[in-house]
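Peer 1: what's the 3D shape of this:
(one chain, ligands or ions: 3)
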Amino acid sequence: MFKRILVANRGECAIRIIRACSELSIESVAVYSEPDSHALHVKKADQAILIGPDPVKSYLNIHRIVDIAAKAKCDAIHPGYGFLSENPDFAEAVNKAGITYVGPSPDAIANMGSKTAARTAMLAAGVPCIPGTEASLTSSDEAVEIANEMGYPIMLKAAAGGGGRGIRRCDSDEEVIENYAVTQREAMTAFGNDELFMEKCIVEPRHIEFQVLADSHGNCVHLFERDCSIQRRNQKLIEIAPSNYIDNDLREKMGAVAVQASKAVNYVNAGTVEFLVDKNHDFFFMEMNTRLQVEHTITEAITGVDIVVQQIRIAAGETLPFTQDELSFKGHAVEFRINAEDPQNGFFPTPGRITRYHSPGGPGIRVDGCVYPGYQIPPHYDSMCAKLTVWGPSWEHTVTRAQRALKEYDIRGVKTTLPYYRQIAASEIFLDGQFDTGFMDRHPELLDYKPFEAREDIAAAVAVAIAAQAGL
Ligand code: ADP
Ligand code: ADP
Ligand code: MG
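Peer 2: Ligands and ions are numbered 1, 2, ... in the order given. Just a heads-up that it's a prediction; the model follows:
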């Protein structure tokens, strides 16, 4: 087993990995940017090393991070999610330095990283894909032509896309022409690559993804599914496991296809195969994420498998400790991404100082967070500041437990998605358990709530200021 792992990430993601290291008696080395000097991952790791002054570029500095790992005598690097986690050059540089990359091979990352390359590989492997173009589009005129052959609505998508960006639905020739250049520009800015392709738009789909684990000895299993249909702007906000939409038959079929897809690219380590499921319960491959995912916690809750520990064991060359037949799931879990954003203002980010922070506890509750009272959420990063994972023996119990936990959760100083989630969790439609990706747009009434009382907030800010003056 490894002696020391460098965690090439920040925030709750880095803390999650540090915790796994600690339970495996592996030392953890955190890295951080100057604005992150007071970040919690810096305090929780056994060692923390400054990368540089730039808030974002620091975490993308391949050369510097590999160099720090070598100097600190780390025998492995975990990339987490976001940042360098889907960058084949990073995996390659880590391997070249004689350090183990906790993740798949650079080839597997490259093959699945581009959505067009992935579609080609999956079609060749006989995996059902969303109908669409295999090659990239060359002009808006060509896009209009293909859209007419395919039939509207269609989706224009960035081949290098991620995090819900670079995706636009088009319902007419005019919209294709209008969106083509915009999507191209967005893709160039966000991913440094303006390659676009087209997919048939699946109307009112469910986003259902399968977690896979594959070791370096040819064993590959899936850990069942997560339903991530509750999204805003194609980005996940609330995820549940298992899905209430699929039965055991379909679960088995989709799981087998996820394993088949992974084997087709010689996948090793943890990965996720994302599908869209339509109204007829037909399912289509959408993309594979070649890394740990934000919502892995709900799979851990229903299966009892520690996915990050498994990632590390697989990277160390161990054989998976279970076969598919030995895996099962129990109860239901839901994850809420607590973002520093104002849902009532278009989910605009709300960085700022946390004045009060009380997280929930008790049976079935797990909190993965990175903020504390007095912490200043920097404006440079993803707005997610905590994840609340709730497990219950039945869906109904999970929902009432989630209502209870959301009520207990108290974050002041910045607006968050919490009050919006309280509304969702208390609604009949959520209890009903049937959602497609249009859920949020169809229920704007859930955005109608009173944000926390301003006066209470000021009182909390004053308390923090007094405590700071007193040197507490
Ligand atoms: P998941 O796929 O794990 O559910 P997200 O899509 O929200 O999660 O992505 C996880 C994190 O990685 C987020 O911080 C997101 O902003 C970031 N991310 C995902 N894909 C990319 C990408 N291609 N480029 C940059 N950041 C990305
Ligand atoms: P990302 O890499 O940003 O996660 P995905 O390809 O996984 O991009 O798509 C993200 C979300 O966008 C999906 O969960 C779904 O809600 C929506 N989406 C993507 N492609 C389609 C499609 N062809 N039809 C309908 N919705 C889609
Ligand atoms: Mg996706």
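
Peer 1: which of the residues in stretch 123-142 are buried?
Peer 2: The neighbour-count criterion (16 or more other C-beta atoms under 10 Å) identifies 125, 127, 129-130, 132-133, 136-137, 140 as the buried residues of stretch 123-142. Backbone N, C-alpha and C define where each C-beta goes, glycine included.

Peer 1: Tabulate those (a markdown table), appending secondary structure and pLDDT.
Peer 2: Listed next are those as a markdown table, based on DSSP: H, G, I helix; E, B strand; the rest coil; pLDDT from 0 to 100:
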| residue | secondary structure | pLDDT |
| --- | --- | --- |
| 125 | coil | 95 |
| 127 | coil | 97 |
| 129 | strand | 97 |
| 130 | coil | 97 |
| 132 | strand | 95 |
| 133 | coil | 94 |
| 136 | coil | 92 |
| 137 | coil | 96 |
| 140 | helix | 96 |
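
Peer 1: Can you tell me which of the residues you listed is nearest ligand 2?
Peer 2: Distance to ligand 2 across the buried residues of stretch 123-142 (C-beta to the nearest ligand atom) is lowest for residue 130, with 4.8 Å.

Peer 1: who's in contact with the closest one?
Peer 2: Going by C-beta atoms under 8 Å, 6 or more residues apart in numbering, residue 130 touches 199-200, 202, 276, 284-286.

Peer 1: Most widely separated two among those?
Peer 2: Farthest pair in these (C-beta to C-beta) is 200 and 285. Separation: 13.1 Å.

Peer 1: Pick out whichever of the two has more residues nearby.
Peer 2: Per other C-beta atoms under 10 Å, whichever of residue 200 and residue 285 has more neighbours is residue 285, with 23 against 16.

Peer 1: so what's the more buried one scoring on pLDDT?
Peer 2: As predicted, residue 285 sits at a pLDDT of 98.

Peer 1: now residue 456
Peer 2: Reading off the model, residue 456 has pLDDT 56.

Peer 1: Where does pLDDT dip in this structure?
Peer 2: Along the chain, the parts satisfying pLDDT under 70 run over 452-472.

Peer 1: near ligand 1, which residues of it?
Peer 2: Contact residues, the chain versus ligand 1 (C-beta under 6 Å from any ligand atom): 81-82, 86, 162-163, 191, 235-236, 289, 293-295, 382.

Peer 1: same for ligand 2: which of the buried residues of stretch 123-142 are within range?
Peer 2: Restricting those to those near ligand 2 - C-beta under 6 Å from any ligand atom - leaves residue 130.

Peer 1: I'd like to know which of the buried residues of stretch 123-142 is nearest to residue 446.
Peer 2: residue 130 (28.8 Å).

Peer 1: strands paired with the longest strand belonging to the chain, and their directions?
Peer 2: Longest strand in the chain by number of residues (criterion: DSSP state E): strand 220-232. Next to strand 220-232 in the sheet, as set by DSSP bridges, lie strand 206-214 (antiparallel), strand 235-241 (antiparallel).

Peer 1: could you dump it to CSV, C-alpha only?
Peer 2: Only the C-alpha atoms of strand 220-232 are listed here, as CSV (Å, rounded to 0.1, in the frame of the first residue of the first chain):
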residue,chain,number,x,y,z
CYS,A,220,-15.2,-4.9,-13.5
VAL,A,221,-18.4,-4.5,-11.6
HIS,A,222,-21.1,-1.8,-11.3
LEU,A,223,-22.4,-0.4,-8.0
PHE,A,224,-25.9,0.3,-9.3
GLU,A,225,-27.3,3.6,-10.4
ARG,A,226,-27.9,7.2,-9.4
ASP,A,227,-30.8,9.3,-10.7
CYS,A,228,-29.5,12.8,-11.3
SER,A,229,-32.5,14.2,-13.1
ILE,A,230,-32.9,17.2,-10.8
GLN,A,231,-30.8,19.7,-12.5
ARG,A,232,-30.5,23.4,-13.3
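
Peer 1: so how far is residue 30 from the spatially most central residue of the chain?
Peer 2: Central residue of the chain (C-alpha atoms, centre = their mean): residue 294, 3.3 Å from the mean position. For residue 294, the distance to residue 30 equals 19 Å [C-beta to C-beta, to the nearest Å].
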